[in-house]
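Chemist: Generate a structure from the sequence data that follows.
(chains A and B)
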Amino acid sequence: MGNKLKSFLAMNNQASLVASLMAIVAGLAAGFLVLLASNPGQALGGFSAIIGGGFENGKSLGQVLYFATPIIMTGLSVAFASRTGLFNIGASGQFIVGAYAAIVVGVKCSFLPATWVFCLLAAMVAGALWGSIPGLLKAYFNVNEVISCIMMNYIGMYLVNYAITLTVFDSLKNQSMRVANSANMPKLGMDLLFRDGASVSSANSGIFVAILFAVVIYILLEKTKFGFELKACGFNREAARYAGINEKTSIVMSMIIAGALAGVGGALLYLAGSGKGIDVVDVLAAEGFNGIPVALLALNNPIGVIFAGLFVSYLTVGGFNMQLYSFAPQVIEIIIAIIIYFSAFALVFKGLISKGAGKK
Amino acid sequence: MSILYFLVQQTMFFSIPLLIVALGGMFSERGGVINIALEGIMIMGAFTGILFINVFQASIPGQWSLVIAAVISAATGLVVSLAHAYASINMKADQVISGTAINMFAPAFAIYVARMLRTVQQIPFVNTFRIESVPVLGSIPFIGDLFFKNTYITTYLGLLILVGSWFVMYRTKFGLRLRACGEHPQSADSVGINVYRMRYAGVMISGALAGLGGLVFVIPTSTNFNATVSGYGFLALAVLIFGQWKPGKILGAAFFFGLLKATASSYSGIDFLRNIPIPSNVYKMMPYIVTLIVLAFTSKRSQAPKAEGIPYDKGGR
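Modeler: Residues are numbered from 1 along each chain as shown, chains lettered A, B, ... in the order given. Now for the predicted structure:
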C-alpha cells in the first residue's frame, strides 16, 4: 500500500513537470515566431539572447537571482492563498505596503543593530495587516476576496505614495529615500562572485530568505495540522466546518500569511542596496501581479515557486540582452503569457496522464 | 451650477466605460464563465481602435473615424475573448489562468507592436470627437447642460448598450437560456440547450463590449494610448459584483464609482472642496474605500450565478 501510494505520487509529480515543460516549450516557440514575424534577420540572434542571456556572465546570473527574489515571494503569496481556496490578486498592495514599512524602518531606525532584520519584520507585519482586511471582509461579510483585494491594491498604492511624501521623501528623484547601509540585506560575498569585471550585480542574501520562506510554507502546508485545516477549508468550506474547523479563522489566517509573504517580497526588492526606491507614481507594483504567473507555473507548489521564479527572472534578464538585437523586451512578457495560457491546458494534460497511469 | 454640470459631464467619462465593460462581464458570468481578462481585452480593443484613428484620422472625417474605430475595437475584443472561451469551455481549464494570461499578454503585445512599428510605445491621437453641444437637445435648459453638452457619441452608445443588454437578458429566449447555463447547466442541457455554444456566446459578447469599453475609456481621458486602461477592467469587475450581476444595479454601481472618480480628479476645480485641506491622495483613495465599505454591507446576500467558474462537463451530468 505504502509503495503504491509513493509511486502514484511520483507519477503525479512527473506528470506536473512534463506538463509544465510542454507549456514552456510552446511559449518559447510562440516567442520565436513573434521575433521571426517582426524581424526575420535578427530573430535567431535575439532568441539565443533570451535563451542564453541569463548565463552570459556572473553579473547577469546575479541579476537573475535579484529579480527572482521578489517574485518568488509574491508567487508564494499567491500560491499559498490558492492552496487554501483564495485568489490573492492583492499581492501588489501587500507588496508595496511591506516595501514602505521596510524603507521607513531602514531610514529612521538605523540605530538598531542589523537593521534589515527589523525591516523584514516591519514589512511582514504591514503586509499581513493589508492581507487581513480582505480576509476579515470575506470571513465575516462574505465580500468576494478578488474585488476587495483589487480595492486594497489601489488604496495601498495611494496610501504609500502619500505616506512617502510625509515621511521619507526624496523630492529630487520623486521617490523614497535611500535606507541606511545596515538596512540593506547582507551581500555574503555575492557581490564578489556575481559580477562582470567592475560591473557588480545586485545579488544579495535576499534570495536565501525567499528560499527559506518557500521551505517553511511547504512544511506548513504539507506537514502540519494547521496547514491541513487551511487546505481543508480551501477544498470545501462546509465540510471543513462539519469537521470542526473554524473556517472563518482559517480564511483570515490564510490571508494574513499570504499578505506577510508579499510584504517581505516588497522589502527584499528595495533592501538590495541597488539604490532603487519606491517611485511616487500612480502605478500598481508589477511584482505583485507577476506573482500570479509564477504561482500558476509552479502549480501552486511552494518548492516549485522557487524554480518558476528563477525561470521567469531568467527570461527577464534575457529580454534585457535581447535589446541589443533591437527587439523590444516586451516579447518576454508575451512568451510568459503564452506559457501561462498553455499551462492552463497543461493541468488538463496532467489529469489525462495521471488518469491513464491509474488505469494500468 | 456650472460646477454641477462639470461634475456630471466628468462622471460620464468615467462611468460609461465602466458600465459597458461591466455589462460585458455580466454576459460572460451569467453564462457561467468568469472573465477576469476584461482588463487585457480592454487594452487590446483600445490598442487597435486608437491605432486605426492614429493612421486614418487625416483621411476619414470626424465622428466617422470614431465609429469605425469602435467597430474595430469591438471586433478585436471578440477575437481575443475566443482564446479565453476556448481554454475555459473546450479545455475546461481553470478560468482564472487563461484570464491572467490575457491580462499579461495584452499590454506586452500593445507595447511590442507599437515599438516595432513606430519605435515609441505611445500612440497619439487628436481628439476631434468631443461634441460641444448636441443639436436641439443641447439647448434644453438644465437637462441639456447636464447630458447633452461637452459629450461624446460613445456616451449614448453606452446607454444604448445598457438598454439592449437588459432587453436581451430578460426579454429574449437567448437571455433566458444564457442565464440557465450560468445557474444550472445540467438542467439547461437536459432540455436541449447547447451549453457550450451559449457560453461561447456569453464570452464573445463580453469580449466585444470590453474591447469597445477600452476605446471609450481612452478617448475622453487622454490624448495618447500608452498600453494601459488604468485598471478599469478590474474596476469593471468590481462594478459587476457590486451591481449583483444585474443591468440596473450595474448602472447604479458604475455611476456611483464614476462620481467618486470624477470628484477625485476634478476636486481642485470645485471651490468648497479645494478649501478643505484634504490631500489629493485621500481623494484618489476614496472610490476604493467607499466601495469596500458598501460591499461589506451589501455582500451578505450575494447573488452570483451558481455555476460560475465551474467548467461544464457533459459526462458529469
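Chemist: Do a quick rundown of the strands in the stretch 101-250 of chain B.
Modeler: Using DSSP state E, counting those that start in this stretch, the strands of the stretch 101-250 of chain B run over B:123-124, B:131-133, B:149-151, B:224-225.
Chemist: Now that we have those strands, can you turn them into a markdown table and tack on distance to residue B:173, mean pLDDT and mean neighbour count?
Modeler: C-beta here means a position set from N, CA and C on the backbone, and glycine is covered the same way. Output for those, formatted as a markdown table (distance: least, C-beta to C-beta, whole Å; pLDDT from 0 to 100; neighbours: other C-beta atoms under 10 Å in any protein chain shown):
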| stretch | distance to residue B:173 | mean pLDDT | mean neighbour count |
| --- | --- | --- | --- |
| strand B:123-124 | 42 | 90 | 18 |
| strand B:131-133 | 37 | 83 | 13 |
| strand B:149-151 | 35 | 83 | 19 |
| strand B:224-225 | 39 | 90 | 20 |
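Chemist: quick one: the helices in the chain?
Modeler: Because you didn't say which chain, this covers chain A. Secondary structure of chain A (DSSP state H): helices at A:2-38, A:40-52, A:58-83, A:91-108, A:115-141, A:145-166, A:190-193, A:206-223, A:225-235, A:237-242, A:247-270, A:286-297, A:302-322, A:330-359.
Chemist: you looked at the wrong chain, it should be chain B
Modeler: B:2-30, B:38-56, B:62-85, B:95-118, B:143-147, B:153-171, B:173-183, B:185-190, B:195-221, B:232-242, B:247-266, B:271-275, B:280-298.
Chemist: Just the terminal-to-terminal distance for stretch A:272-284.
Modeler: Stretch A:272-284 has an end-to-end distance of 20 Å (C-alpha to C-alpha, to the nearest Å).
Chemist: Next, format the strands of the stretch 101-250 of chain B as CSV and append distance to residue B:263.
Modeler: CSV is the format used below for these (distance: least, C-beta to C-beta, whole Å):
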stretch, distance to residue B:263
strand B:123-124, 28
strand B:131-133, 24
strand B:149-151, 17
strand B:224-225, 25
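Chemist: nearest to residue B:39, of these?
Modeler: Closest to residue B:39 of these, according to C-beta to C-beta: strand B:224-225, at 14.6 Å.
Chemist: Who are the packing partners of that closest one?
Modeler: Judged by 3 or more C-beta pairs under 8 Å, 6 or more residues apart in numbering or on different chains; DSSP states H and E, strand B:224-225 is in contact with helix B:38-56, strand B:123-124.
Chemist: name the helices or strands packed onto the last one?
Modeler: Strand B:123-124 makes packing contacts with helix B:38-56, strand B:224-225 when contacts are defined by 3+ C-beta pairs under 8 Å, 6+ apart.
Chemist: Most tightly packed of those?
Modeler: helix B:38-56 (a mean of 27; mean count of other C-beta atoms under 10 Å in any protein chain shown).
Chemist: and that one, what does it pack onto?
Modeler: Helix B:38-56 sits against helix B:2-30, helix B:62-85, helix B:95-118, strand B:123-124, helix B:195-221, strand B:224-225, helix B:232-242, with contacts defined as 3+ C-beta pairs under 8 Å, 6+ apart.
Chemist: Could you export that helix as CSV, CA atoms only?
Modeler: Provided in CSV are the C-alpha atoms of helix B:38-56 (Å, rounded to 0.1, in the frame of the first residue of the first chain):
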residue,chain,number,x,y,z
LEU,B,38,-11.6,42.1,-19.1
GLU,B,39,-8.6,44.4,-18.4
GLY,B,40,-6.5,42.7,-21.1
ILE,B,41,-9.3,42.7,-23.6
MET,B,42,-9.9,46.4,-23.0
ILE,B,43,-6.3,47.1,-23.7
MET,B,44,-6.3,45.1,-26.9
GLY,B,45,-9.5,46.9,-28.1
ALA,B,46,-8.2,50.3,-27.2
PHE,B,47,-4.9,49.4,-29.0
THR,B,48,-6.4,48.5,-32.3
GLY,B,49,-9.0,51.3,-32.2
ILE,B,50,-6.5,54.0,-31.4
LEU,B,51,-4.0,52.7,-33.9
PHE,B,52,-6.7,53.0,-36.5
ILE,B,53,-7.5,56.5,-35.5
ASN,B,54,-3.8,57.4,-35.5
VAL,B,55,-3.4,56.1,-39.1
PHE,B,56,-6.6,57.2,-40.7
